[in-house]
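1. model the structure of this input:
(one chain, ligands or ions: 2)
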Amino acid sequence: MQKKTIKDMDIKGMRVLVRVDFNVPIENGVIEDDRKMKETIPTIKYLADNNAKVILVSHLGRPKGFDESLRMNPIAKRLEELMKKEGYKNKVMKTNHCINSEVKSNVAKMNFGDILMLENVRFYPEEEKNDVGFAKKLSENADIYVNDAFGTSHRAHASTEGVAKFLPAVAGFLIEKELNYLGKALANPEKPLIAIVGGAKVSTKIGIIENLLNKVDKMLIGGGMTFTFLKAKGMEVGKSMVEEDKLELAKKIMEKANNKIVLPDDIVVADKVEETNNYKTVSINAIPKEMYGVDIGEKTVEKFAKIIKNAKTVVWNGPMGVFEVKNFDKGTIEIAKALTECKGTTIVGGGDSASAIEKLGFANKVSHVSTGGGASLEFLEGKELPGIKVLMDK
Ligand code: ADP
Ligand code: MG
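-> Ligands and ions are numbered 1, 2, ... in the order given. As a prediction, the model looks like this:
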């Protein structure tokens, strides 16, 4: 279902409450990665340029009540710098609350086109409880609600879901973009559609595997979950990560998959899952008993890359190996490269795979890197996200 966006609303002269995901990594007040903020700039700029009062609300970290170190002040400052680059001349204002009379008077004082950052919404325990009274109070300083926090839209919290029941609620441009890429890949993809699924555990990816298997032409499996599939086929996996209680399920998935599942042909094995000189590549049926599978091998990379390059749509979730460790990152790097060489639509679905592609500097060479870890996972599982469900349909 298509959702209404800010373009569908007359926002001039309106007070617009925007839920953003400014939950960025921050160390001693220094923001380490502001990608999520940058992704929201088009929405904020559009609202400011069109003479709305822009009231931003986000969470930051996991505070238990008020926490001085998790105030939104450095975020408001960074936003001001980012908006300056867009030609925005005013200060980004900041209040220490989300709901009281101070907020009310701040909003009243704003000029149209001004931006106000509210305090960390998770300082209020009512936020995560999706407390109706709190949601209502949040709504009282605004005329329109905009959700642009894709990364939190799988949570039914007061600022992502509850508040939308009290105001006309629409999507911002980031949510629109996420829905366009992820939604189209699932509902109406150009074929062949290829999924690459990796990461640590089958258990966390079952939903994705089952939902995508119905839609894809091929599913390439890498990462730690490989070994649960291999063991389910009766193969030796050495000391590799295996989820014993998922062996039956892996077997069933493979039976249902109609040869759509493509497993590795070779594996990098090591004496430990950390930096070591004792590692080598072996064929998939020659994994030594005393070693750990830590990455996909070169032949597998070649096989996977060929399939990826010929695809029209690629969805990638989960690294191919223990990419945090030197020498075990090649599979992930090479698959990322293959994605950049594919001429079709290439989508990286959040979490560790997204940070891997960022670190490699490839983020701009794929069609879309999702800003949602858990949210993109749930979306790809076919679940309806509460913060999106609650927005008005077109
Ligand atoms: P994502 O966040 O992209 O969904 P996951 O969180 O499922 O991915 O998995 C990422 C983790 O999987 C990484 O920390 C990586 O080290 C681990 N991993 C990948 N391959 C293996 C392997 N062969 N053995 C153990 N862990 C692995
Ligand atoms: Mg992860």
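2. just checking, Lys272 touches Val294?
-> No. If you go by Cβ atoms under 8 Å, Lys272 and Val294 don't touch, sitting 9.1 Å apart. The way it works is simple: take the backbone N, C-alpha and C, and place the C-beta from them, glycine included.
3. neighbour-wise, which of the two wins?
-> Taking neighbours as other Cβ atoms under 10 Å, Lys272 and Val294 compare with Val294 leading, 26 against 13.
4. what residues are up against the more buried one?
-> Ile267, Val268, Val269, Ala270, Val273, Tyr279, Gly321, Val322, Val325, Phe328 (Cβ atoms under 8 Å, 6 or more residues apart in numbering).
5. that's a strand at the first one, yeah?
-> Yes. Assessed with DSSP: H, G, I helix; E, B strand; the rest coil, Ile267 lies in a strand.
6. pLDDT score assigned to it?
-> Looking at Ile267, its pLDDT is 98.
7. hang on, isn't it packed against Thr226?
-> Yes. Contact criterion Cβ under 8 Å: Ile267 and Thr226 qualify, at 7.4 Å.
8. just the contacts of Val294: which are in strands?
-> Ile267, Val268, Val269, Ala270, Tyr279 (DSSP state E).
9. not counting sequence-adjacent ones, nearest residue to the first one?
-> Read that as Ile267. Gly293 (4.7 Å; Cβ to Cβ, 6 or more residues apart in numbering).
10. repeat that for the last one.
-> The spatial neighbour of Tyr279 that comes closest, neighbours along the chain excluded (Cβ to Cβ, 6+ apart), is Ala270 at 3.8 Å.
11. ok, that neighbour touching Met291?
-> Yes. Using Cβ under 8 Å, Ala270 is in contact with Met291, at 6.2 Å.
12. picking that back up, contacting ligand 1 as well, which ones from the contacts of Val294?
-> Gly321, Val322 (Cβ under 6 Å from any ligand atom).
13. out of the contacts of Val294, who has the most neighbours?
-> Ile267 (32 neighbours).
14. so how far is Leu17 from Met110?
-> To Leu17, Met110 is 12 Å away according to Cβ to Cβ, to the nearest Å.
15. whichever residue of the stretch 51-200 of the chain sits closest to ligand 1 - how many residues pack around it?
-> Taking Cβ to the nearest ligand atom, ligand 1 has its nearest neighbour within the stretch 51-200 of the chain at Gly199, 2.4 Å off. A total of 20 residues lie near Gly199 under the criterion other Cβ under 10 Å.
16. which residues of this structure lie near ligand 2?
-> The chain comes close to ligand 2 at residues Gly351, Asp352, as judged by Cβ under 5 Å from the ion.
17. spatially, what comes nearest to Met110 if we skip its sequence neighbours?
-> Using Cβ to Cβ, 6+ apart, the closest residue to Met110 is Lys53 (4.6 Å).
18. next one: Ile208
-> Per Cβ to Cβ, 6+ apart, closest to Ile208 is Leu380, 4.9 Å.
19. residue contacts, that neighbour?
-> Contacts of Leu380 (Cβ under 8 Å, 6+ apart): Leu182, Leu186, Gly207, Ile208, Asn211, Leu212, Val315, Asn317, Gly349.
20. show me which of those are buried.
-> Leu182, Leu186, Ile208, Asn211, Leu212, Val315, Asn317, Gly349 (16 or more other Cβ atoms under 10 Å).
21. let me have these in CSV, extended by pLDDT, secondary structure and distance to Pro25.
-> Compiled in CSV, those are given as follows (pLDDT from 0 to 100; DSSP: H, G, I helix; E, B strand; the rest coil; distance: Cβ to Cβ, whole Å):
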residue, pLDDT, secondary structure, distance to Pro25
Leu182, 93, helix, 23
Leu186, 88, helix, 29
Ile208, 93, helix, 25
Asn211, 93, helix, 30
Leu212, 94, helix, 29
Val315, 96, strand, 25
Asn317, 94, strand, 21
Gly349, 89, coil, 19
